[in-house]
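Visitor: predicted model and sequence below, questions to follow.
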Amino acid sequence: MENTSDSVFNKSNNIVLESVDKHIDQLVWFLNHDDCLADALGSNNSVKISKQNFMETNKKWATERCADLFAIVHEKKAIGMISLSHQEIVNHTTRIGYWLGSRYWNKGYASKAFQLILELAKRKGLKHVSSAVREDNMVSRKIWEKYGAQSVLEDDKYSFVIDIEKM
């Protein structure tokens, strides 16, 4: 997990990407109390996570997947998370994953955070970003398509790839 030391990567319409460590309380609250988010993530919202578990799980996940994790921050409040994972410097590839608290859905915040993470990936010298998105997740599909992603539908998921150099 990249430690941003309180630095903000960029700003786009009041959306910034900051260190997850600064926003643990808010992020854990969403994961423990947002039933719509839990359904979208396919998680069991009856099992609550502690701040300690959140930190340990994310640190392990980031290390195992060569990932940088960020809080998506709107007006100084974390509203979700976004990551660059499976970063392969030799092949210049990475994956993007994200989630937002449900009260922030359909307001353009995910798209703005996506733009910022694409800019970061480009600055890191990465050339291709990818993700698998469920067929029924129209909002995420539209975000990927907005940024020129090529897609293939396999089973119930779209595999998206964006060539950052062509943006």
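Guide: Good, I have the coordinates. Numbers count the residues shown, from 1 in each chain.
Visitor: can we go C-alpha only for contacts and neighbour counts from here?
Guide: Will do.
Visitor: how about the helices in this structure?
Guide: 24-33, 35-41, 51-64, 109-123, 138-146 (DSSP state H).
Visitor: tell me what the second one is packed against?
Guide: Secondary structure elements in contact with helix 35-41, counted by 3 or more CA pairs under 8 Å, 6 or more residues apart in numbering; DSSP states H and E, are helix 24-33.
Visitor: I'd like the distance from the helix it packs on to the chain centre, please.
Guide: 15 Å (CA atoms, centre = their mean, to the nearest Å).
Visitor: got it, and stretch 19-28?
Guide: Counting by CA atoms, centre = their mean, stretch 19-28 comes out at 14 Å from the chain centroid.
Visitor: residues of that stretch that come out buried?
Guide: By neighbour count on 16 or more other CA atoms under 10 Å, the buried set for stretch 19-28 is 19-24, 26-28.
Visitor: returning to that earlier point: which of the helices of the chain sits most buried?
Guide: With neighbours defined as mean count of other CA atoms under 10 Å, the helices of the chain peak in mean count at helix 109-123, which reaches a mean of 20.
Visitor: and the angle from it to helix 138-146?
Guide: 40 degrees (axes from the mean of the first three to the mean of the last three CA atoms, to 10 degrees).
Visitor: any chance you could give me helix 109-123 in PDB, C-alpha atoms only?
Guide: Provided in PDB are the C-alpha atoms of helix 109-123 (Å, rounded to 0.1, in the frame of the first residue of the first chain):
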ATOM      1  CA  TYR A 109     -17.800  10.900  -7.900                       C
ATOM      2  CA  ALA A 110     -16.600   7.400  -9.100                       C
ATOM      3  CA  SER A 111     -16.000   8.800 -12.600                       C
ATOM      4  CA  LYS A 112     -13.900  11.700 -11.100                       C
ATOM      5  CA  ALA A 113     -11.900   9.300  -8.900                       C
ATOM      6  CA  PHE A 114     -11.400   7.000 -11.900                       C
ATOM      7  CA  GLN A 115     -10.000   9.900 -13.900                       C
ATOM      8  CA  LEU A 116      -7.500  10.700 -11.000                       C
ATOM      9  CA  ILE A 117      -6.400   7.000 -10.700                       C
ATOM     10  CA  LEU A 118      -5.800   6.900 -14.500                       C
ATOM     11  CA  GLU A 119      -3.600  10.000 -14.200                       C
ATOM     12  CA  LEU A 120      -1.700   8.300 -11.400                       C
ATOM     13  CA  ALA A 121      -1.300   5.100 -13.400                       C
ATOM     14  CA  LYS A 122       0.100   7.100 -16.300                       C
ATOM     15  CA  ARG A 123       2.500   9.000 -14.100                       C
END
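Visitor: worst average pLDDT in the helices of the chain?
Guide: In terms of average pLDDT, helix 35-41 trails the rest of those, at a mean of 93.
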